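> what shape does this take:
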Amino acid sequence: MMPKGVEHLAQWASLPENRSARTAVERVADCVVGRQLRSLTLPARLTVNPLFLHGPAGVGKTHLVAGLAARVVERCPGLSAVILTAGDFDRDHAESPADLAAARQADFVAVEDVHRLSAGAVEPVVQLLDRSLARQVQLVFTAAVGPALLERLPARLTSRLASGLIVGIESLSPASRLLFLQDRVARRGMKVEPGVLEWLAERVGGSGRQLEGAVVRLEALTRLHGGSPGVEIVAESFRADADTRRATVERIAQGVGRYFRVEPRRLQERDRSRQAILPRQVGMYLARRLTDLSLDQIGAYFGGRDHSTVLHACRKVELALSADLALSGAVRQLQADLV
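Got it, this is the predicted structure:
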(Lines give C-alpha, C1' and ligand atoms only; values in the text may rest on other atoms or scores of the structure.)
Protein backbone atom coordinates (compact mmCIF):
# COMPACT_ATOMS: atom_id res chain seq x y z
CA MET A 1 0.00 0.00 0.00
CA MET A 2 1.30 3.46 -0.94
CA PRO A 3 2.22 5.58 2.12
CA LYS A 4 -0.29 8.39 2.65
CA GLY A 5 2.25 11.15 2.07
CA VAL A 6 3.44 9.62 -1.20
CA GLU A 7 -0.18 9.15 -2.26
CA HIS A 8 -0.82 12.84 -1.61
CA LEU A 9 2.21 13.74 -3.70
CA ALA A 10 1.01 11.59 -6.59
CA GLN A 11 -2.49 13.10 -6.49
CA TRP A 12 -1.43 16.73 -6.44
CA ALA A 13 1.61 16.39 -8.68
CA SER A 14 -0.54 15.09 -11.52
CA LEU A 15 -2.29 18.46 -11.88
CA PRO A 16 -0.82 20.84 -14.50
CA GLU A 17 -0.57 23.75 -12.04
CA ASN A 18 1.76 21.65 -9.89
CA ARG A 19 4.07 20.50 -12.70
CA SER A 20 6.96 22.80 -11.69
CA ALA A 21 6.49 21.94 -8.02
CA ARG A 22 6.47 18.22 -8.87
CA THR A 23 9.76 18.56 -10.74
CA ALA A 24 11.24 20.48 -7.82
CA VAL A 25 10.21 17.99 -5.13
CA GLU A 26 11.43 15.06 -7.23
CA ARG A 27 14.79 16.79 -7.60
CA VAL A 28 14.91 17.47 -3.87
CA ALA A 29 14.19 13.82 -3.12
CA ASP A 30 17.04 12.78 -5.45
CA CYS A 31 19.40 15.24 -3.79
CA VAL A 32 18.61 14.07 -0.26
CA VAL A 33 18.71 10.36 -1.09
CA GLY A 34 21.78 10.80 -3.26
CA ARG A 35 23.73 12.46 -0.47
CA GLN A 36 22.72 9.70 1.93
CA LEU A 37 23.60 6.79 -0.36
CA ARG A 38 26.74 8.50 -1.73
CA SER A 39 25.82 7.01 -5.09
CA LEU A 40 24.58 10.12 -6.85
CA THR A 41 26.85 13.02 -7.71
CA LEU A 42 24.88 16.17 -8.46
CA PRO A 43 26.50 19.23 -10.08
CA ALA A 44 26.21 22.55 -8.29
CA ARG A 45 23.67 23.82 -10.80
CA LEU A 46 21.14 21.32 -9.44
CA THR A 47 21.24 22.81 -5.95
CA VAL A 48 17.70 23.29 -4.68
CA ASN A 49 18.38 24.13 -1.07
CA PRO A 50 16.32 25.70 0.28
CA LEU A 51 13.22 24.95 -1.80
CA PHE A 52 10.56 27.64 -1.42
CA LEU A 53 6.99 26.78 -2.50
CA HIS A 54 4.44 29.58 -2.56
CA GLY A 55 0.81 29.92 -3.53
CA PRO A 56 -2.61 30.68 -2.03
CA ALA A 57 -4.28 28.42 0.52
CA GLY A 58 -5.64 25.17 -0.80
CA VAL A 59 -3.36 24.66 -3.81
CA GLY A 60 -1.61 21.62 -2.30
CA LYS A 61 1.55 22.97 -0.67
CA THR A 62 1.03 20.90 2.48
CA HIS A 63 0.29 17.77 0.43
CA LEU A 64 3.45 18.24 -1.62
CA VAL A 65 5.61 18.75 1.48
CA ALA A 66 4.09 15.73 3.23
CA GLY A 67 4.55 13.65 0.10
CA LEU A 68 8.16 14.75 -0.30
CA ALA A 69 8.99 13.90 3.32
CA ALA A 70 7.32 10.49 2.96
CA ARG A 71 9.17 9.78 -0.28
CA VAL A 72 12.54 10.63 1.27
CA VAL A 73 11.93 8.40 4.29
CA GLU A 74 10.54 5.59 2.12
CA ARG A 75 13.63 5.57 -0.10
CA CYS A 76 16.03 5.84 2.86
CA PRO A 77 14.34 4.54 6.04
CA GLY A 78 17.31 5.67 8.14
CA LEU A 79 16.64 9.34 7.39
CA SER A 80 14.57 11.53 9.69
CA ALA A 81 12.18 14.22 8.47
CA VAL A 82 10.54 16.98 10.51
CA ILE A 83 7.72 19.26 9.35
CA LEU A 84 7.14 22.44 11.35
CA THR A 85 4.71 25.34 11.08
CA ALA A 86 5.34 29.01 11.75
CA GLY A 87 3.58 28.66 15.11
CA ASP A 88 6.12 26.09 16.30
CA PHE A 89 8.69 28.87 16.60
CA ASP A 90 6.63 30.95 19.03
CA ARG A 91 8.01 30.84 22.54
CA ASP A 92 4.59 30.15 24.07
CA HIS A 93 3.98 27.10 21.87
CA ALA A 94 3.89 24.11 24.22
CA GLU A 95 5.55 21.64 21.86
CA SER A 96 8.08 24.00 20.28
CA PRO A 97 11.18 22.95 22.28
CA ALA A 98 10.80 19.28 21.38
CA ASP A 99 9.92 20.03 17.77
CA LEU A 100 12.84 22.40 17.29
CA ALA A 101 15.27 20.01 18.98
CA ALA A 102 14.21 17.27 16.56
CA ALA A 103 14.58 19.64 13.61
CA ARG A 104 18.16 20.45 14.58
CA GLN A 105 19.07 16.77 14.21
CA ALA A 106 16.88 15.90 11.21
CA ASP A 107 18.00 15.10 7.67
CA PHE A 108 15.05 16.90 6.11
CA VAL A 109 13.26 19.94 7.55
CA ALA A 110 10.18 21.74 6.23
CA VAL A 111 8.68 24.93 7.66
CA GLU A 112 5.17 25.78 6.51
CA ASP A 113 3.40 29.14 6.33
CA VAL A 114 6.44 31.32 6.93
CA HIS A 115 4.30 34.38 6.09
CA ARG A 116 2.72 33.81 9.50
CA LEU A 117 6.00 34.04 11.42
CA SER A 118 5.90 36.39 14.39
CA ALA A 119 8.65 38.93 15.00
CA GLY A 120 10.04 36.81 17.84
CA ALA A 121 10.22 33.72 15.63
CA VAL A 122 12.50 35.26 12.98
CA GLU A 123 15.81 34.68 14.77
CA PRO A 124 15.14 30.99 15.61
CA VAL A 125 14.26 30.38 11.95
CA VAL A 126 17.43 32.13 10.76
CA GLN A 127 19.51 30.04 13.17
CA LEU A 128 17.83 26.80 12.09
CA LEU A 129 18.31 27.73 8.44
CA ASP A 130 22.01 28.53 8.83
CA ARG A 131 22.71 25.47 10.96
CA SER A 132 20.85 23.17 8.57
CA LEU A 133 22.57 24.50 5.45
CA ALA A 134 25.95 24.10 7.14
CA ARG A 135 25.05 20.44 7.79
CA GLN A 136 23.74 20.03 4.21
CA VAL A 137 20.28 19.31 5.51
CA GLN A 138 17.54 19.79 2.93
CA LEU A 139 15.15 22.63 3.77
CA VAL A 140 11.70 23.33 2.34
CA PHE A 141 9.62 26.41 3.10
CA THR A 142 6.06 27.25 2.12
CA ALA A 143 4.20 30.56 2.15
CA ALA A 144 1.25 32.33 0.59
CA VAL A 145 3.58 34.59 -1.41
CA GLY A 146 7.17 34.55 -2.64
CA PRO A 147 10.11 35.79 -0.51
CA ALA A 148 10.17 39.18 -2.27
CA LEU A 149 6.63 39.90 -1.03
CA LEU A 150 7.28 38.94 2.59
CA GLU A 151 7.76 42.61 3.41
CA ARG A 152 6.90 42.15 7.08
CA LEU A 153 9.94 39.90 7.55
CA PRO A 154 13.52 41.26 7.77
CA ALA A 155 15.91 41.03 4.84
CA ARG A 156 18.29 38.74 6.73
CA LEU A 157 15.58 36.07 6.57
CA THR A 158 13.99 36.75 3.17
CA SER A 159 17.39 36.84 1.46
CA ARG A 160 18.15 33.39 2.83
CA LEU A 161 14.75 32.08 1.79
CA ALA A 162 15.34 33.38 -1.75
CA SER A 163 18.81 31.85 -2.08
CA GLY A 164 17.60 28.48 -3.41
CA LEU A 165 14.83 27.41 -5.77
CA ILE A 166 11.55 29.36 -5.69
CA VAL A 167 8.46 27.71 -7.19
CA GLY A 168 5.02 29.31 -7.41
CA ILE A 169 1.86 27.19 -7.46
CA GLU A 170 -1.25 28.64 -9.06
CA SER A 171 -4.89 28.06 -8.22
CA LEU A 172 -6.46 25.21 -10.14
CA SER A 173 -7.93 25.97 -13.56
CA PRO A 174 -11.45 24.74 -14.45
CA ALA A 175 -9.91 21.76 -16.31
CA SER A 176 -7.84 20.78 -13.27
CA ARG A 177 -10.79 21.33 -10.97
CA LEU A 178 -12.75 18.87 -13.09
CA LEU A 179 -9.96 16.28 -12.83
CA PHE A 180 -9.84 16.79 -9.07
CA LEU A 181 -13.62 16.40 -8.71
CA GLN A 182 -13.67 13.28 -10.90
CA ASP A 183 -10.96 11.73 -8.75
CA ARG A 184 -12.72 12.50 -5.46
CA VAL A 185 -16.09 11.28 -6.73
CA ALA A 186 -14.53 8.05 -7.98
CA ARG A 187 -12.83 7.48 -4.60
CA ARG A 188 -16.17 7.80 -2.84
CA GLY A 189 -17.88 5.48 -5.32
CA MET A 190 -20.45 8.14 -6.16
CA LYS A 191 -22.62 8.11 -9.28
CA VAL A 192 -23.01 11.58 -10.76
CA GLU A 193 -25.37 12.80 -13.45
CA PRO A 194 -23.79 14.04 -16.72
CA GLY A 195 -22.79 17.71 -16.62
CA VAL A 196 -22.80 18.06 -12.82
CA LEU A 197 -19.05 17.93 -12.30
CA GLU A 198 -18.45 20.20 -15.29
CA TRP A 199 -20.86 22.76 -13.77
CA LEU A 200 -19.10 22.59 -10.42
CA ALA A 201 -15.63 22.83 -11.99
CA GLU A 202 -16.60 26.07 -13.71
CA ARG A 203 -18.11 27.69 -10.62
CA VAL A 204 -16.45 26.36 -7.47
CA GLY A 205 -13.16 27.95 -6.41
CA GLY A 206 -9.77 26.60 -7.34
CA SER A 207 -8.88 25.61 -3.78
CA GLY A 208 -8.58 21.92 -2.97
CA ARG A 209 -10.46 22.53 0.28
CA GLN A 210 -13.35 24.19 -1.57
CA LEU A 211 -13.52 21.32 -4.03
CA GLU A 212 -13.44 18.72 -1.25
CA GLY A 213 -16.29 20.60 0.41
CA ALA A 214 -18.24 20.60 -2.86
CA VAL A 215 -17.94 16.82 -3.11
CA VAL A 216 -19.16 16.41 0.48
CA ARG A 217 -22.16 18.64 -0.25
CA LEU A 218 -22.86 16.76 -3.47
CA GLU A 219 -22.85 13.49 -1.54
CA ALA A 220 -25.28 14.98 0.99
CA LEU A 221 -27.56 16.11 -1.87
CA THR A 222 -27.49 12.58 -3.26
CA ARG A 223 -28.67 11.16 0.08
CA LEU A 224 -31.31 13.89 0.43
CA HIS A 225 -32.83 13.24 -3.01
CA GLY A 226 -32.45 9.47 -2.87
CA GLY A 227 -30.28 9.45 -5.98
CA SER A 228 -27.85 11.48 -8.02
CA PRO A 229 -29.19 15.06 -8.49
CA GLY A 230 -29.17 16.69 -11.90
CA VAL A 231 -27.51 19.96 -12.89
CA GLU A 232 -30.59 22.06 -12.06
CA ILE A 233 -30.77 20.82 -8.46
CA VAL A 234 -27.00 21.19 -7.99
CA ALA A 235 -27.09 24.68 -9.49
CA GLU A 236 -29.83 25.73 -7.09
CA SER A 237 -27.93 24.34 -4.10
CA PHE A 238 -24.64 25.99 -5.11
CA ARG A 239 -26.08 29.25 -6.48
CA ALA A 240 -24.83 31.37 -3.60
CA ASP A 241 -21.32 29.94 -4.00
CA ALA A 242 -21.38 30.66 -7.73
CA ASP A 243 -22.44 34.26 -7.12
CA THR A 244 -19.57 34.85 -4.71
CA ARG A 245 -17.15 33.67 -7.42
CA ARG A 246 -18.26 36.43 -9.81
CA ALA A 247 -15.47 38.92 -10.38
CA THR A 248 -16.34 42.35 -9.02
CA VAL A 249 -14.15 45.40 -8.52
CA GLU A 250 -14.52 44.92 -4.76
CA ARG A 251 -13.30 41.31 -4.93
CA ILE A 252 -10.46 42.38 -7.21
CA ALA A 253 -9.32 45.08 -4.77
CA GLN A 254 -9.49 42.65 -1.86
CA GLY A 255 -7.53 39.99 -3.75
CA VAL A 256 -4.89 42.43 -4.96
CA GLY A 257 -4.52 43.95 -1.52
CA ARG A 258 -4.17 40.53 0.07
CA TYR A 259 -1.56 39.42 -2.46
CA PHE A 260 0.56 42.57 -2.26
CA ARG A 261 0.07 43.03 1.50
CA VAL A 262 -1.66 46.39 1.08
CA GLU A 263 -4.92 47.45 2.72
CA PRO A 264 -7.60 47.48 -0.03
CA ARG A 265 -8.71 50.96 1.09
CA ARG A 266 -5.27 52.32 0.14
CA LEU A 267 -5.99 51.37 -3.48
CA GLN A 268 -8.99 53.73 -3.36
CA GLU A 269 -7.04 56.65 -1.94
CA ARG A 270 -4.81 59.24 -3.62
CA ASP A 271 -1.79 57.45 -2.13
CA ARG A 272 1.13 57.84 -4.54
CA SER A 273 3.60 55.73 -2.58
CA ARG A 274 5.43 52.97 -4.44
CA GLN A 275 3.81 50.36 -2.21
CA ALA A 276 0.34 51.37 -3.42
CA ILE A 277 0.91 52.36 -7.07
CA LEU A 278 1.69 48.93 -8.54
CA PRO A 279 -1.14 47.07 -6.74
CA ARG A 280 -3.56 49.81 -7.80
CA GLN A 281 -2.45 49.50 -11.44
CA VAL A 282 -2.84 45.72 -11.27
CA GLY A 283 -6.30 46.18 -9.78
CA MET A 284 -7.30 48.48 -12.66
CA TYR A 285 -5.88 46.03 -15.21
CA LEU A 286 -7.82 43.10 -13.75
CA ALA A 287 -11.01 45.14 -13.41
CA ARG A 288 -10.84 46.02 -17.09
CA ARG A 289 -10.25 42.37 -18.07
CA LEU A 290 -12.69 40.66 -15.72
CA THR A 291 -15.62 43.07 -15.35
CA ASP A 292 -17.97 44.99 -17.64
CA LEU A 293 -17.19 48.31 -15.96
CA SER A 294 -16.19 51.28 -18.10
CA LEU A 295 -12.80 52.96 -17.71
CA ASP A 296 -14.50 55.87 -15.92
CA GLN A 297 -16.25 53.49 -13.49
CA ILE A 298 -12.99 51.68 -12.75
CA GLY A 299 -11.21 55.00 -12.22
CA ALA A 300 -13.96 56.22 -9.91
CA TYR A 301 -13.51 53.17 -7.69
CA PHE A 302 -9.72 53.43 -7.58
CA GLY A 303 -9.51 56.88 -6.08
CA GLY A 304 -11.55 59.00 -8.48
CA ARG A 305 -9.13 58.73 -11.38
CA ASP A 306 -10.13 59.54 -14.96
CA HIS A 307 -10.34 57.10 -17.85
CA SER A 308 -6.94 58.14 -19.29
CA THR A 309 -5.22 57.24 -16.00
CA VAL A 310 -6.88 53.82 -16.02
CA LEU A 311 -5.90 53.23 -19.64
CA HIS A 312 -2.30 54.23 -18.89
CA ALA A 313 -2.20 51.84 -15.89
CA CYS A 314 -3.54 48.95 -17.99
CA ARG A 315 -1.02 49.53 -20.76
CA LYS A 316 1.81 49.80 -18.26
CA VAL A 317 0.89 46.48 -16.66
CA GLU A 318 0.53 44.80 -20.07
CA LEU A 319 4.02 45.95 -21.10
CA ALA A 320 5.53 44.82 -17.79
CA LEU A 321 4.02 41.33 -17.93
CA SER A 322 6.37 40.09 -20.65
CA ALA A 323 9.50 41.37 -18.88
CA ASP A 324 8.68 40.87 -15.20
CA LEU A 325 8.19 37.17 -14.40
CA ALA A 326 7.21 37.86 -10.80
CA LEU A 327 4.51 40.33 -11.84
CA SER A 328 3.31 37.99 -14.58
CA GLY A 329 2.96 35.18 -12.04
CA ALA A 330 1.13 37.48 -9.62
CA VAL A 331 -1.38 38.58 -12.26
CA ARG A 332 -1.99 35.01 -13.43
CA GLN A 333 -2.51 33.90 -9.84
CA LEU A 334 -4.90 36.74 -9.06
CA GLN A 335 -6.88 36.14 -12.24
CA ALA A 336 -7.15 32.41 -11.50
CA ASP A 337 -8.44 33.19 -8.00
CA LEU A 338 -11.09 35.54 -9.35
CA VAL A 339 -12.67 33.43 -12.08
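
> what comes into contact with stretch 262-280?
For stretch 262-280, the surrounding residues in contact (Cβ atoms under 8 Å, 6 or more residues apart in numbering) are 253-254, 256-257, 259-260, 283, 301-304, 313, 327. Quick note: C-beta positions are derived from backbone N, CA and C, even for glycine.

> should've said stretch 222-241
With Cβ under 8 Å, 6+ apart, stretch 222-241 has contacts from 190-193, 195-196, 199-200, 203-204, 214, 217-218, 221, 242.

> T85 versus the closest residue to H115 other than its chain neighbours, what's the distance?
Of all residues not flanking H115 in the chain, A143 sits nearest, at 4.4 Å (Cβ to Cβ, 6 or more residues apart in numbering). Distance of A143 to T85, given as Cβ to Cβ, to the nearest Å: 11 Å.

> of the two, who's got more company?
A143 (23 against 18; other Cβ atoms under 10 Å).

> does that one touch A110 like I think?
No - taking Cβ atoms under 8 Å as the definition, A143 is not a contact partner of A110, at 11.9 Å.

> got any residues that touch both of these two?
With Cβ under 8 Å, 6+ apart, A143 and A110 have no common neighbours.

> element containing V167?
V167 is part of strand 165-168, with elements assigned from DSSP states H and E.

> show me what secondary structure element comes after that strand.
Once the chain leaves strand 165-168, the following helix or strand, as judged by DSSP H and E, is helix 174-188.

> quick check: buried residues in that next one?
Within helix 174-188, the residues scored as buried using 16 or more other Cβ atoms under 10 Å are P174, S176, R177, L178, L179, F180, L181, R184, V185.

> got it, and stretch 213-220?
Quick answer for stretch 213-220 (16+ other Cβ under 10 Å): A214, V215, R217, L218.

> just those: which are in helices?
A214, V215, R217, L218 (DSSP state H).

> farthest from the middle of this protein: give me that residue.
G226 (37.3 Å; Cα atoms, centre = their mean).

> tell me the domain boundaries of the protein?
Domain segmentation of the chain under automatic domain parsing yields 4-168, 174-244, 249-338.

> now these in a markdown table, with mean pLDDT?
Converted to a markdown table, these look like this (pLDDT from 0 to 100):
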| stretch | mean pLDDT |
| --- | --- |
| domain 4-168 | 79 |
| domain 174-244 | 85 |
| domain 249-338 | 87 |
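
> all set, thanks.
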